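Participant: pasted the sequence and its predicted model underneath.
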Amino acid sequence: MRLYWTSLWAILAREALRFVQQRERFVAALVRPLIWLLVFAAGFRAALGLSISPPYQTYITYETYIVPGLCGMILLFNGMQSSLSLVYDREMGSMKLLLTAPLPRGWVLFCKLLGSTAISVLQVYAFLGVAALFDITSPGWGYVTVLPALIVCGLMLGALGLLLSSFVRRLENFSGVMNFVIFPMFFLSSALYPLWKMAESSRLLHDICAVNPFTQAVELIRFALYVEVNWAALGWSVLALAVFMAAALVGYDPARGRQR
Amino acid sequence: MKLLTAAAALLASTSLASAGEIWVTNEKDDTVSVISTETLEVIQTYDTGERPRGILFSKDFSRVYICASDSNAVQVMDPNTGKILNELPSGDDPEQFVLHPNDRHLYIANEDDAITTVVDTETRKVIAQIDVGVEPEGMAVSPDGKIAITTSETTNMAHWIDTETQKLFANTLVDSRPRHAEFVKEGSEMWVSSEIGGTVTVFDRETQAEKGKISFEVQGVHPDRVQPVGFEFSAGDTHAFVALGPSNHVAVVNAETYEVEEYILVGRRVWHMDFNEDRSMLFTTNGVSGDVTVIDVASRKAIKTIKVGRFPWGAAYRPTPG
């Protein structure tokens, strides 16, 4: 049992160390959503028609609308980033050390996932803090209730990253992941526009958005920021987490997966 | 422990202060919606005459007066039962009105007739009709009851009426289409909003001279859509909350410096408003979106928007009886 804890600590510490040493990464992760919030949203202010949809109780500005989506964006990019780092680890050989540890592979991967999620959540809070400086706020308790939602979504998107890393063989292929996973996931979601707005232009697009796990993650965060639980979104997010994690385990299984 | 008692005191004070109702006239539905200031939900809807607009309560809150514009009458309703007790002769097309501090005389603007009608609510008789400019709309009475104001939308003037003689004693020009007037700071200042001019003009009561003018600029909204209409003052008359019509914002104006401090997003085409009892919450009527937005005065944030009837127009507060 002690071995499990030691390994958990070791992997978390390694993630934390990597995070602290790569200050540019932290800044980059913060700047990206802030550009969306302060530049893109400013230009798009009038684009969002006035309509009240839950969990909002009154009319909101576009800036307020996209905050949960940008939290999701941080989690998504970080999930992919950790996937990238796994591919890097594999190329550098440090993954061998990790995977040959006398521990179930699932546990090792889970620790890795937990580590990257913890860092993502910290970054989301930093982003929410800066947004609050620009007077884009949520109810006070929302900052507490959003924590479990962020953890679930962070794990889910991190698991997706793990799954992808079991497929991506080379670092160079990562741009493909960008094009075929991150962008479609982000744009085909409720992060930037509400789904009812999507339905106005295309029913099909709306349905694609609705089944996108990233939409569910964003909605879970959106409701949690307003001290509410969106049970459907929670259910779908947990289900997606389970599926991605299981698939990642298969992917990393030496007997069956592509990882040997 | 100290914190706990403070929290308990806060809870007690808010629950005490917030027991009340906001009455909203729905212009297109011919109804009034009653909103609880505690639950922030519509708890009752009563039928009225045609096109209800201005609404106010008698001093003891036992009667509610409603301008039924297309019925050409001011209706007197029992607020506890919703029954129309009687109708007052009001002249044609009454839009806004104000109750004299004597709790008896209503000053009514008759939009189509270019007159202000003074009605005695006890005898139900018209006691005076005063010729004013074209399309009178905004109405105000000074707290001491000596001066009444009518603003005329087309003549672009505020008309100063001596309530003893029921005659005009001064006319002051304001910007295009004045909509609403209020006396503040114990009646020493009189404010008038101009819808098309996009300004609020402040007059000195004694000299009837212009003391200041406030303009508005909402980021991302075309200036034509910034149309100040109704306004109300926070506790102590320190700040004015000004409804800016189709710009969908309420401006918070410092009543000392006449500077706009903040704009708050509300529903579409916001026109009038009223506070709850301790003035901690402000309720604005949003005509086009058919709802009422609740603003937390301390944080200056919209906290909730409540669906009411079609085209909500006026708003008035009364404490919950009993």
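Facilitator: Now that the structure is in, tell me what you want to look at. Numbers count the residues shown, from 1 in each chain, chains lettered A, B, ... in the order given.

Participant: contact partners for the residue nearest to B:Lys185 when sequence neighbours are not counted?
Facilitator: Distances taken as Cβ to Cβ, 6 or more residues apart in numbering or on different chains put B:Asp237 closest to B:Lys185, at 5.2 Å, once the chain neighbours are dropped. No exception for glycine: its C-beta is placed from N, CA and C like everyone else's. By Cβ atoms under 8 Å, 6 or more residues apart in numbering or on different chains, the contact list for B:Asp237 reads B:Val184, B:Lys185, B:Ala255.

Participant: for the second one, phi and psi?
Facilitator: Here is the backbone geometry of B:Lys185 (degrees, to the nearest 10): phi 50, psi 60.

Participant: quick revisit: how near is the residue nearest to B:Lys185 to chain A?
Facilitator: Distance, B:Asp237 to chain A, by Cβ to the nearest Cβ, to the nearest Å: 26 Å.

Participant: and the contacts of stretch B:139-147?
Facilitator: B:54, B:96-102, B:107-109, B:116, B:148-151, B:160-164, B:181-183, B:186-187, B:190, B:205.

Participant: phi, psi of B:Thr116?
Facilitator: According to degrees, to the nearest 10, B:Thr116 has phi -110, psi 130.

Participant: no, scratch that, I was asking about B:Asp175
Facilitator: Residue torsions, per degrees, to the nearest 10, at B:Asp175 are phi -70, psi 170.

Participant: all helices for chain B, in order.
Facilitator: Along chain B, counting by DSSP state H, helices occupy B:2-17.

Participant: got the residues of it near chain A?
Facilitator: Residues of chain B found near chain A (Cβ under 8 Å from any Cβ of the partner chain) are B:220, B:248, B:265-268, B:289, B:293-294, B:302-305.

Participant: 6 Å instead, please
Facilitator: Proximity of chain B to chain A, by Cβ under 6 Å from any Cβ of the partner chain, involves residues B:Gly220, B:Leu265, B:Gly267, B:Arg268, B:Thr293, B:Ala302, B:Lys304, B:Thr305.

Participant: pLDDT score for the last one?
Facilitator: If I follow you right, that is B:Thr305. On the pLDDT scale, B:Thr305 is placed at 93.

Participant: correct me, but it touches A:Ser53?
Facilitator: No: between B:Thr305 and A:Ser53 there is no contact under Cβ atoms under 6 Å: 11.5 Å.

Participant: these two - which one has more neighbours?
Facilitator: Neighbour tally, B:Thr305 and A:Ser53, criterion other Cβ atoms under 10 Å in any protein chain shown: the higher count belongs to B:Thr305, 22 against 12.

Participant: not counting its neighbours along the chain, what's nearest that one?
Facilitator: That would be A:Thr58: by Cβ to Cβ, 6+ apart, it lies 4.1 Å from B:Thr305.

Participant: for the residue lying closest to B:Ser69 once chain neighbours are set aside, which residues are in contact?
Facilitator: Leaving aside its sequence neighbours, B:Ser69 sits nearest to B:Arg51 (Cβ to Cβ, 6+ apart; 4.3 Å). By Cβ atoms under 6 Å, 6 or more residues apart in numbering or on different chains, the contact set of B:Arg51 is B:Glu27, B:Ser69, B:Asp70.

Participant: now list the buried members of those.
Facilitator: B:Glu27, B:Ser69 (16 or more other Cβ atoms under 10 Å in any protein chain shown).

Participant: okay, the contacts of B:Arg51 in JSON lines with pLDDT and distance to A:Val177 next?
Facilitator: Formatted as JSON lines, the contacts of B:Arg51 follow (pLDDT from 0 to 100; distance: Cβ to Cβ, whole Å):
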{"residue": "B:Glu27", "pLDDT": "94", "distance to A:Val177": "56"}
{"residue": "B:Ser69", "pLDDT": "90", "distance to A:Val177": "64"}
{"residue": "B:Asp70", "pLDDT": "90", "distance to A:Val177": "65"}
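
Participant: any idea which of the contacts of B:Arg51 is closest to chain A?
Facilitator: Among those, B:Glu27 lies closest to chain A (Cβ to the nearest Cβ), at 19.5 Å.

Participant: next, count neighbours for the residue lying closest to the closest one once chain neighbours are set aside.
Facilitator: Distance criterion Cβ to Cβ, 6+ apart; nearest residue to B:Glu27, sequence neighbours excluded, is B:Phe311 at 4.0 Å. For B:Phe311, the count of nearby residues is 20 (other Cβ under 10 Å).

Participant: ok, the one 5 residues further on next?
Facilitator: In terms of burial, B:Ala316 registers 22 neighbours under the definition other Cβ under 10 Å.

Participant: I'd guessed B:Ala148 sits against B:Ile161; true?
Facilitator: Yes: judged on Cβ under 6 Å, B:Ala148 makes contact with B:Ile161 at a distance of 4.2 Å.

Participant: low-confidence ranges in the chain?
Facilitator: Since no chain was named, I'll use chain A. Across chain A, the ranges flagged by pLDDT under 70 are A:45-51, A:254-260.

Participant: sorry, should have said chain B
Facilitator: Ranges of chain B meeting pLDDT under 70: B:1-18.

Participant: let's go with 50 and repeat that
Facilitator: B:1-17 (pLDDT under 50).

Participant: need the helices for the stretch 101-250 of chain A, in chain order.
Facilitator: A:105-133, A:142-167, A:174-177, A:183-187, A:195-201, A:203-211, A:213-225, A:231-252 (DSSP state H, counting those that start in this stretch).

Participant: right, so the ones you listed: which one is the most enclosed?
Facilitator: helix A:213-225 (a mean of 27; mean count of other Cβ atoms under 10 Å in any protein chain shown).

Participant: confirm the residue nearest to B:Thr305 sits in a helix?
Facilitator: No: using DSSP: H, G, I helix; E, B strand; the rest coil, the assignment for A:Thr58 is coil, not a helix.

Participant: hmm, B:Ala302 and it touching each other?
Facilitator: Yes: assessed by Cβ under 6 Å, A:Thr58 is found in contact with B:Ala302 at 4.3 Å.

Participant: A:Ala42 in helix, strand or coil?
Facilitator: A:Ala42 is classified as helix under three-state DSSP.

Participant: any idea how far chain B is from it?
Facilitator: 8 Å.

Participant: chain neighbours aside, what residue packs nearest to that residue?
Facilitator: Counting by Cβ to Cβ, 6+ apart, the residue nearest A:Ala42 is A:Glu63, at 7.7 Å.

Participant: let's verify that neighbour: helix, strand, or coil?
Facilitator: A:Glu63 is classified as helix under three-state DSSP.

Participant: re the thing from before, against B:Ala243, how distant is the residue nearest to B:Lys185?
Facilitator: Applying Cβ to Cβ, to the nearest Å, the value for B:Asp237 to B:Ala243 is 17 Å.

Participant: next, the distance between the ends of stretch A:13-27.
Facilitator: One end of stretch A:13-27 sits 20 Å from the other (Cα to Cα, to the nearest Å).

Participant: what touches both of A:Thr58 and B:Ala302?
Facilitator: What both A:Thr58 and B:Ala302 touch, as defined by Cβ under 6 Å, 6+ apart, is the set B:Thr293.

Participant: for whichever residue of the stretch 1-150 of chain B sits closest to chain A, which residues are in contact?
Facilitator: Here the stretch 1-150 of chain B gets closest to chain A at one residue, B:Leu40, 8.8 Å apart by Cβ to the nearest Cβ. Contacts for B:Leu40 (Cβ under 6 Å, 6+ apart) come out as B:Val294, B:Lys304.
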